[in-house]
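K.L.:
Sequence and predicted structure are below.
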Amino acid sequence: MPSPTGSDSATSADEVVPLMGAVRAVAAAVLRLRQEDPDVQDCTSETMRRAMEGRSRLRAGEQMRPWVLGIARHVALDMLRAQKRHGLVSDVMFTSEGDEGVSRTETIPDPSAGPEELLAQARRRDRIQSAMSALPEPMAIALMKFHLDGRSYQEIAEELKVPLGTVATWVTRGRKTLAERLGQKEKLT
């Protein structure tokens, strides 16, 4: 729920507004128009509105940029469909020789992860979960609270009722152990 001061919407705008150029480029590519075209500007405005209003629906850990660009793609596709329904644009593109080509919507790349990328992400997640399950329970809990929940060492120490130095040791050793088990030369940050 937004705060009475409106700081949630300000935070949302601060996160979304820097993506406006990319949103405009996606809308222009989907519509096959120049970025200055009024239809592209309409799509950009609608995308920004939806992103700011729907910011709370973004899942924890989900990156803002792909989510907003996905919205832009859908807004532009919706505009193309509406124009087609009203007879304002043909969905079929023509080749340079004047022959009928493929549908505009068939040539628009999907920005979401492909099956190979999803499989690689799932495998990496499984490896991390396996490595985490091999850690001593307090160390794993401290790592998760610090990295996933965003808690400070002090908050974790108070919650687990252990000294601050113990939490710092658990997090540091946990990172090192995970990095070794995952075969990484660098520490996890």
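P.N.:
That came through, no problem. Owing to the predicted nature of the structure, the values given are computational and were not obtained by experimental measurement.
K.L.:
Show the low-confidence segments of the chain, by residue range.
P.N.:
1-13, 86-113, 184-189 (pLDDT under 70).
K.L.:
the helices in it, which residues?
P.N.:
7-16, 20-31, 38-53, 64-85, 115-133, 137-147, 153-160, 164-181 (DSSP state H).
K.L.:
Tell me which of those helices sits most buried.
P.N.:
helix 20-31 (a mean of 20; mean count of other CB atoms under 10 Å). Glycine gets a C-beta too; all of them are placed from N, C-alpha and C.
K.L.:
who does that one touch, helix- and strand-wise?
P.N.:
If contacts are counted by 3 or more CB pairs under 8 Å, 6 or more residues apart in numbering; DSSP states H and E, helix 20-31 sits against helix 38-53, helix 64-85.
K.L.:
what does the first one rub up against?
P.N.:
Counting contacts by CB atoms under 8 Å, 6 or more residues apart in numbering, the residues outside helix 38-53 that touch it are 9, 12-13, 16-17, 19-20, 23-24, 27-28, 30-31, 33-34, 67-68, 71-72, 75-76, 79.
K.L.:
before we move on, the earlier item: now the helices and strands packed on helix 20-31 as a markdown table including distance to G183?
P.N.:
Output for the helices and strands packed on helix 20-31, formatted as a markdown table (distance: least, CB to CB, whole Å):
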| stretch | distance to G183 |
| --- | --- |
| helix 38-53 | 38 |
| helix 64-85 | 27 |
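K.L.:
Great, nothing more from me.
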